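# quick one: sequence plus predicted model below, questions after.
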Amino acid sequence: MATAYQDRKIPVAPLNAGDAPFFEGAAAGKLMVKYCNDCKQYHHYPRPMCPFCYSTHTEWRQARGTGVVYSFSISRATGPIPYAIAYVTLDEGPTIMTNIVETDLDTIQCGQKVTVVFKPTEDPKLAVPMFKPA
């Protein structure tokens, strides 16, 4: 049984302190992740201190926007529009929680290559990065 993808309204979530560059980047069509200048590792979720070496010498960097599906689940019962929530491991290393979009939801597979797309939220100035099959 095919489960066709449908666009759905994306609500605006309240921002945490320090999240603005992530959402500003998304609104500009850029996937931004944190990078540690001391241990040279990317990390996500955004935070002021590196989770690997505890350095505060971190900065925002634009990611390539490509990765692979690590894990996913299709939600068919939580509302009128089914959707796929997933963990995607970026080519830079971190794994982020996201949605898989623009594909038949029943064709998604772990290990599948994906690329970022930016979906508008209910606030026209904000967008959210999601992923579609590459």
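It's in.
# where does this structure have low pLDDT?
Under the criterion pLDDT under 70, the flagged ranges of the chain are 1.
# partner strands of the longest strand that the chain contains, parallel or antiparallel?
Taking DSSP state E as the criterion, the chain has its longest strand at strand 66-75. Each strand paired with strand 66-75, and its direction, by DSSP bridges: strand 83-90 (antiparallel), strand 113-120 (antiparallel).
# so which of the ones you listed is the most packed in?
For these, the largest average neighbour count (mean count of other Cβ atoms under 10 Å) is found in strand 83-90, namely a mean of 20. Yep, even glycine has a C-beta here, placed from its N, CA and C like the rest.
# can you pull out the strands in this protein?
Along the chain, counting by DSSP E, strands occupy 32-36, 42-43, 58-62, 66-75, 83-90, 95-100, 113-120, 127-133.
# run through the residues that contact the spatially most central residue of the chain.
Centroid-nearest residue in the chain: residue 98, 4.3 Å away (criterion: Cα atoms, centre = their mean). By Cβ atoms under 8 Å, 6 or more residues apart in numbering, the residues touching residue 98 are 85-88, 129-131.
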